[in-house]
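A.B. asks: Starting from these lines, generate the structure:
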Amino acid sequence: MGSISSSDIPPKQGPLVLVTMQILRPRSEKPGLLGGYSGILLYLFMEVSRMMYPFMTLDDGTEIVHSEMHPDGRVKVYLEKPDAKDCFHHATCYLPDYTWEDIFGFTQADLDRYLEVIQSTAHLILQFSQEGGLENASSF
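C.D. replies: From the prediction side, this is the model:
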């Protein structure tokens, strides 16, 4: 088994929190402090997801939500559409550079259409991402 170096750890996207979990498993010995269970204490660092804000529902049922603005000025725009066969189709687009990631179920024609919507509303998404979403935007 090889060692893990800092280059093996993905870059941090959001704040980290320490999560403590205790896993209990039955043991055959007589009950002790844990009532007949032995415990393993795990400490995990988990990334805290950034808040996502509802933005728009398209005529085809696609929901568009966005994150708060990241410290590097980027905003995550997440699209999700219910699908009878696959359950949900989804994709992520990052503003302001319109970088697509995690695409599942959408065709290129779908993505082209969604890109037009995102480009035409990017100024609003970027503004709302700094003001706590559409519902908290002071100018709307």
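A.B. asks: use CA for all of it now, contacts and neighbours both
C.D. replies: Noted.
A.B. asks: quick one: contacts for the nearest residue to residue 51 once chain neighbours are set aside?
C.D. replies: The shortest distance from residue 51 to any non-neighbouring residue, by CA to CA, 6 or more residues apart in numbering, is to residue 67 (5.6 Å). Listed by CA atoms under 8 Å, 6 or more residues apart in numbering, the contact set of residue 67 reads 50, 51, 52, 53, 75, 76, 77, 129.
A.B. asks: Buried ones among these?
C.D. replies: By neighbour count, with 16 or more other CA atoms under 10 Å, the contacts of residue 67 hold 52, 53, 75, 76, 77, 129 as buried.
A.B. asks: Report pLDDT for the second one.
C.D. replies: At residue 53 the predicted local confidence, pLDDT, stands at 89.
A.B. asks: outside of whatever helix or strand residue 53 lives in, which residues touch it?
C.D. replies: Using DSSP states H and E, residue 53 sits in strand 52-57. By CA under 8 Å, 6+ apart, the residues outside strand 52-57 that reach it are 63, 64, 65, 66, 67, 68, 125, 132, 133, 134.
A.B. asks: So of those, which two are at opposite extremes in space?
C.D. replies: 63 and 132 (17.9 Å; CA to CA).
A.B. asks: Work out for me the element residue 91 sits within.
C.D. replies: Using DSSP H and E, residue 91 falls within strand 87-95.
A.B. asks: Quickly run through the sheet partners of that strand, with directions.
C.D. replies: In the sheet, strand 87-95 lines up against strand 75-83 (antiparallel), strand 99-104 (antiparallel) (DSSP bridges).
A.B. asks: Of the ones you listed, give the one that comes closest to residue 91.
C.D. replies: Short answer: strand 99-104, nearest of the strands paired with strand 87-95 by CA to CA, at 4.2 Å.
A.B. asks: still on that earlier bit, closest to residue 106 out of the buried ones among the contacts of residue 67?
C.D. replies: residue 77 (15.1 Å).
A.B. asks: Excluding chain neighbours, what is closest to the closest one?
C.D. replies: residue 66 (4.4 Å).
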